[in-house]
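S.K.: okay, sequence plus prediction incoming.
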Amino acid sequence: MIDKMYNSGKRFIRYSAEELENARKVDMVDFLERHAGFNFKRAGNYSIGREHDSIVIDPDRYTWHWYSQDLYGKGAIDWLMKVDGYRFEEAAEILIGNKPLNNTNSARDSPRQNTAQQARQNDVPVPFSPPAAMKEQCRELFAYLGKTRCLSDDVIRYCVSNKLIYQDDKKRVIFCGYDRAGKMRFAEAKITNTYKKYYPQNIAGSNKAYSFFVPALPTARHYDPSQLYVFEAPIDLLSHGTLMQLAMKKQCAAAGDMSLYRPDCWLGFNRLSLSGLSEKALEQRLKDDPRITKIALCLDNDDKGQAAALRIKQKLESKYTVKIVKPPYGKDWNETLQAITNREMNMALKATSKPLKK
């Protein structure tokens, strides 16, 4: 550790990679028992909070979830930042430098952080406050969703114009969810930085029952409000819509008449993101819309996703027509979209680079 004080009065602290790695690997059960006074009970290989049974520590004793607050993290640094409101530098100083928790002047001292912290300690909902929107053009949003994620421009613009997504002042893509009265009740942030992998973050106070949802449009081609397609993440939902557009373009090209193409073809039925594998949003949607009779579970093609799909299918198939639809390529629907987009791009490049026949 390097700890220097400059003549200006500013302090510089730098930790080694080994020190940071040790801080990240802190046993979460021991940490929370010491840090927050929580007690835990065993449930199989998992540890569940006695005071707050929505706090669950995975068998690795490193990954944690606070389900009632829609919080998730890996290690003590994530807990100090997401739950207590410390900055990364402060969290590291607490874990590595043994800085007392109650002596650190941090962001948690703001009125909003105090309210959130008190609500979490009492295990009650945190007040929801959507992130401020970027006032300038949303270049990062279009670049990330269009170029990196391969979503169609029509799909992105439809969502932006209908206030389903926007770019906040931190240059994150915000996916919005609304209740029946049209009030925003949910927001999920996705960082547009492509250099590092970041997990999507549910904004504090979000109600997962009103997760990201794109309703069927009455004027769309093959409008059928009885159908609901369910995904794990908003980007998978929009990727599926883009894939439907690509499929119709191919059909029109094969028929020799591109005038038949309808950009709104993807809006013929309802699409819902669970923002993970929680069933809250699905239960709320079925309660709000009795027209839904057919459900397609388009969850990730991995062990957790398919186990959840099977569980939901068995739960609902007595009342609804339920089918499980797996992405054809890769783990999820965005990986499928990227695979198809890149393959077609490579085919186009090969076709245009062929020499002319003599």
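M.R.: Perfect, thanks for sending it.

S.K.: report pLDDT for residue 22.
M.R.: Looking at residue 22, its pLDDT reads 76.

S.K.: any idea how far it is from residue 76?
M.R.: Residue 22 is 11 Å from residue 76, where distance means Cβ to Cβ, to the nearest Å. To be clear about C-beta, it is placed using only N, CA and C from the backbone, and glycine gets the same treatment.

S.K.: more neighbours: those two, which one.
M.R.: residue 76 (23 against 13; other Cβ atoms under 10 Å).

S.K.: now do the contacts for the closest residue to the more buried one other than its chain neighbours.
M.R.: Distances taken as Cβ to Cβ, 6 or more residues apart in numbering put residue 26 closest to residue 76, at 4.3 Å, once the chain neighbours are dropped. By Cβ atoms under 8 Å, 6 or more residues apart in numbering, the residues touching residue 26 are 75, 76, 95.

S.K.: right, and the second one touches residue 29 too?
M.R.: No: taking Cβ atoms under 8 Å as the definition, residue 76 is not a contact partner of residue 29, at 10.9 Å.

S.K.: where does the protein have low pLDDT?
M.R.: 1-15, 67-70, 97-126, 194-200, 345-358 (pLDDT under 70).

S.K.: for residue 189, grab phi and psi.
M.R.: phi -100, psi 130 (degrees, to the nearest 10).

S.K.: mind starting the numbering at 28 from now?
M.R.: Shifting the count to begin at 28 puts that one at residue 216.

S.K.: count the residues that sit near it.
M.R.: Neighbours of residue 216 (other Cβ under 10 Å): 17.

S.K.: so it sits against residue 196, correct?
M.R.: No: contact between residue 216 and residue 196 fails when scored by Cβ under 8 Å: they sit 11.5 Å apart.

S.K.: give me the common contacts of the two.
M.R.: With Cβ under 8 Å, 6+ apart as the test, residue 216 and residue 196 both reach residue 158.

S.K.: mind giving me the domain split of this protein?
M.R.: Split into domains by automatic domain parsing, the chain comes to 46-148, 166-378.

S.K.: between these, which one is nearest to residue 155?
M.R.: domain 166-378 (3.2 Å; Cβ to Cβ).

S.K.: on that earlier part again, nearest to residue 356, of the contacts of residue 53?
M.R.: residue 102 (32.8 Å).

S.K.: dump the residue contacts of residue 58.
M.R.: Counting by Cβ under 8 Å, 6+ apart, residue 58 has contacts 103, 106.

S.K.: now it: which helix or strand?
M.R.: Per DSSP states H and E: residue 58 is located in helix 55-62.

S.K.: excluding chain neighbours, give the residue nearest to residue 190 in space.
M.R.: Per Cβ to Cβ, 6+ apart, closest to residue 190 is residue 203, 6.5 Å.

S.K.: could you measure from that neighbour over to residue 70?
M.R.: From residue 203 to residue 70 the distance is 35 Å (Cβ to Cβ).

S.K.: do you know how far residue 175 is from residue 323?
M.R.: Remark: distance between residue 175 and residue 323 (Cβ to Cβ) = 26 Å.

S.K.: out of these two, which sits in the busier spot?
M.R.: Per other Cβ under 10 Å, whichever of residue 175 and residue 323 has more neighbours is residue 323, with 18 against 13.

S.K.: that one contacts residue 347, correct?
M.R.: No: between residue 323 and residue 347 there is no contact under Cβ under 8 Å: 10.5 Å.

S.K.: what's near enough to touch residue 366?
M.R.: Taking Cβ under 8 Å, 6+ apart as the contact definition, residue 366 lies against 356, 357.

S.K.: now do the SS call for it.
M.R.: For residue 366, the secondary-structure state derived from DSSP: H, G, I helix; E, B strand; the rest coil is helix.

S.K.: do you know how far it is from residue 326?
M.R.: Taking Cβ to Cβ, one finds residue 366 at 18 Å from residue 326.

S.K.: could you pull out the helices for the stretch 78-227 of the chain?
M.R.: Secondary structure of the stretch 78-227 of the chain by DSSP state H, counting those that start in this stretch: the helices cover 102-109, 115-123, 138-148, 166-169, 180-188.

S.K.: as CSV, these with distance to residue 334 would be great.
M.R.: Formatted as CSV, these follow (distance: least, Cβ to Cβ, whole Å):
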stretch, distance to residue 334
helix 102-109, 25
helix 115-123, 33
helix 138-148, 29
helix 166-169, 33
helix 180-188, 29
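
S.K.: buried deepest among those, which one?
M.R.: helix 102-109 (a mean of 21; mean count of other Cβ atoms under 10 Å).

S.K.: between residue 203 and residue 70, which one's more packed in?
M.R.: Legend: neighbour count by other Cβ under 10 Å for residue 203 and residue 70, higher for residue 203 (23 against 10).

S.K.: beta partners of that one?
M.R.: residue 214 (DSSP bridges).

S.K.: so residue 160 makes contact with residue 195?
M.R.: Yes: using Cβ under 8 Å, residue 160 is in contact with residue 195, at 6.0 Å.

S.K.: can you tell me how far the residue lying closest to residue 364 once chain neighbours are set aside is from residue 323?
M.R.: Spatially, and ignoring its direct neighbours in sequence, residue 364 is nearest to residue 266 (4.2 Å; Cβ to Cβ, 6+ apart). Distance check for residue 266 against residue 323: by Cβ to Cβ, it reads 14 Å.
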